[in-house]
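Student: kindly return the folded structure for what I paste below:
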Amino acid sequence: MEKVPQVQAILKQFPWGRVETDGTFAEPVVRAYHNVLGAEGFGYWSIPGGSNPHLKNANDPSSPPGALRVDDTKGFEHGYMLLSDKQLTDETGWKLERRLIPRLVFELGTEPELASKMDIVDWDSWYKWRNLPKESPAALLLHYPLTVYQLLVNVLQVTGPKRNSLENRQALNVHYIGAEVELNMLPLFSELALLLPHTDIKMSFFGIAVHSIVNKAKKNSIAMKAKQNEPVYTYTSPASCGASTLSIFLHGDHENWDPRLPFLLGSKPDAIVGPNAGLTSYPAWQFVILCCHSDNTPFAVTEYAEQSAELQRDALPQIIAHALPRLQSAGMSGLELHNLMRPREYPIAFNPFQRPGQRNLGSVRLPNVPNGFTMRVVGNDEQEIIHPVSAGVPVPASDLSELLQKTEQFSLNGLD
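Tutor: As a prediction, the model looks like this:
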C-alpha cells in the first residue's frame with residue numbers, strides 16, 4: 001500500500017487530477033470536459049469505450065464468471081484513421097486549445113531546449129521542458145511514448161538523451177509488441193525524437209490490431225504503406241533539438257511477433273517493449289520471452305499492478321523450465337541454452353511516466369494504473385552480469401511435474 005500515495009501524488013499535481021472517494025480517477029470526465037470523449041472523430045483520443053482493456057482473440061483467457069463487462073463501441077477499430085490518406089496534425093489530433101497542445105511543428109524560436117541539457121525524469125520536469133501548463137491533459141495520452149522512453153533509457157539502458165552527438169549518431173531499432181489504442185496516436189511517438197537527440201529511431205509495431213488494420217488497407221491509404229514495407233509515419237525533430245528521426249512501421253502479415261518471420265531474419269532489434277503486457281495472461285508472449293532470453297535481446301514491459309509484475313517475475317523461470325526439455329531435444333545451440341539458463345534478475349520499478357490516476361476497478365485498492373510499473377525481462381550483458389540472482393535459474397527438468405501444475409494457474413500451456 002506504500003505506493004498508493006505515490007500514485008495519488010502524480011495525479012494531484014494536475015488541476016484536473018481529482019481522486020474519487022474510492023481512490024480511483026474518473027478519466028472519462030476529464031476527456032468529456034475537453035470534448036474529446038468518444039470513438040471515431042476524436043483524433044488521438046479515439047477509444048472504443050467498454051470495459052475490456054485489450055482486444056481478444058481465440059487463445060486469450062476467458063473472463064471470470066459473473067464479471068461485469070461493457071461492450072466496446074460496435075464497429076470501432078483501432079487505427080481506423082490509417083485507412084484514410086491524411087495524417088493528423090497537432091490541431092486535428094489533439095483537438096485542444098492551442099496553449100494545451102505539446103506541439104511537434106514549431107514556429108522559429110519555440111522549440112524545446114535540447115534534451116541533453118535537461119533532466120527529464122517525471123511528468124513535472126517534462127511539462128516544464130515542453131513549456132506546457134499542467135492544465136493540459138496531454139499526460140493522459142503521452143504516457144505511451146514517455147513510458148517507451150523510460151524503458152529504453154532507464155530500464156534497458158540502450159540509449160539516452162546524453163549518449164549521442166552531432167558527430168556520433170545512434171541508429172535505434174525498437175519492436176513494440178501488442179499495440180492497440182496506440183494506433184490512434186502514432187504521431188505522438190515523435191516525442192521520442194525530441195527526447196533523444198542525434199538518434200535515428202525505427203519502431204516496428206506488432207499485434208492483433210496491427211494485423212487487422214493493415215489487412216483492411218486500401219489503395220492510397222496510410223495503412224497501405226505497411227504492405228509496401230514503407231513507414232506509415234515519419235518525423236524529424238528540429239535541428240536545435242538534435243535532428244533526430246522517427247520512422248514507424250506496421251507489421252501486418254502476422255498477429256504475433258516471431259523472429260522466424262522472413263523480414264526479421266538478420267534484423268535483431270536493439271530492444272523489445274511491451275506496455276501493459278500481461279506476460280502470463282496471453283499465450284503469445286511465451287515465445288517472445290523464450291527468444292529474448294536465448295538471444296539476449298533486451299526486453300522490458302510494463303504492468304498495471306505491482307503484484308501482477310511480481311507474479312510474472314516468479315513465473316518466468318517456470319516458463320523457461322517448462323520449455324527447456326523440448327528446446328534441448330530440438331537441437332538448440334549451446335550458446336542459446338547457456339543464455340536461456342543463465343542467472344537473471346527481473347527488477348520491478350515504479351514508472352514515473354505512468355498514466356496519472358488509478359483505474360476505475362471498484363474494489364481494487366492497491367495501485368492499478370496504465371503503464372504503472374516497469375519490469376526488465378532481459379537486460380544487456382552488463383546489467384545481467386552485475387546483478388546475478390540464483391533464483392532466476394530454471395529448475396532441473398526432474399522438477400517439471402510440479403512446475404507444470406503451477407504454470408497451468410498462469411495459463412502457460414501450449415508453448416509455441
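
Student: does residue 345 count as helix, strand or coil?
Tutor: Assigned with DSSP: H, G, I helix; E, B strand; the rest coil, residue 345 falls in the coil class.

Student: that one: neighbouring residues, count only.
Tutor: 17 (other CB atoms under 10 Å). No exception for glycine: its C-beta is placed from N, CA and C like everyone else's.

Student: and it, how close does it get to residue 278?
Tutor: Between residue 345 and residue 278 the computed distance is 21 Å (CB to CB, to the nearest Å).

Student: same thing with residue 365?
Tutor: Using CB to CB, residue 365 is found at 20 Å from residue 278.

Student: higher neighbour count, the two?
Tutor: residue 278 (19 against 13).

Student: please state the backbone phi and psi of residue 40?
Tutor: Residue 40 has phi and psi values of phi -70, psi 140 when expressed as degrees, to the nearest 10.

Student: that one against residue 77, yeah?
Tutor: No. If you go by CB atoms under 8 Å, residue 40 and residue 77 don't touch, sitting 9.0 Å apart.

Student: please say which of these two ends up with more neighbours.
Tutor: residue 77 (21 against 13).

Student: in three-state terms, label that one for me.
Tutor: coil.

Student: from memory it sits against residue 210, does it?
Tutor: No. The criterion here is CB under 8 Å, and residue 77 misses it with residue 210 at 11.3 Å.

Student: where does pLDDT dip in this structure?
Tutor: 1, 50-73, 362, 385-416 (pLDDT under 70).

Student: which residues of it fall in strands?
Tutor: Per DSSP state E, the chain carries strands over the ranges 170-177, 199-206, 233-236, 245-250, 271-274, 299-305, 348-350, 368-378.

Student: what residues sit buried inside the third one?
Tutor: By that I understand strand 233-236. Within strand 233-236, the residues that qualify as buried by neighbour count (16 or more other CB atoms under 10 Å) are 233, 235.

Student: what is that strand packed up against?
Tutor: strand 245-250 (3 or more CB pairs under 8 Å, 6 or more residues apart in numbering; DSSP states H and E).

Student: give me the most central residue, this structure.
Tutor: What sits nearest the mean C-alpha location of the chain, by CA atoms, centre = their mean, is residue 275, with 2.7 Å.

Student: quick check: closest non-adjacent residue to that residue.
Tutor: residue 302 (4.9 Å; CB to CB, 6 or more residues apart in numbering).

Student: the one you found and residue 201: what is the separation?
Tutor: Residue 302 is 19 Å from residue 201, by CB to CB.

Student: for residue 254, same thing?
Tutor: To residue 201, residue 254 is 23 Å away according to CB to CB.

Student: which of those two has more neighbours?
Tutor: Between residue 254 and residue 201, counted using other CB under 10 Å, residue 201 has the larger neighbour count: 24 against 12.

Student: who's that one bridged to?
Tutor: Applying DSSP bridges to residue 201 gives these bridge partners: residue 172, residue 246.

Student: let me know whether it touches residue 172 as I believe.
Tutor: Yes. If you go by CB under 8 Å, residue 201 and residue 172 touch, sitting 4.9 Å apart.

Student: residue 26: how many residues sit nearby?
Tutor: When neighbours are counted by other CB under 10 Å, residue 26 registers 14.

Student: was I right about it contacting residue 20?
Tutor: Yes. With contact defined as CB under 8 Å, residue 26 counts as touching residue 20 (6.0 Å).

Student: next up, the contacts around residue 88.
Tutor: By CB atoms under 8 Å, 6 or more residues apart in numbering, the contact list for residue 88 reads 43-44, 81, 187.
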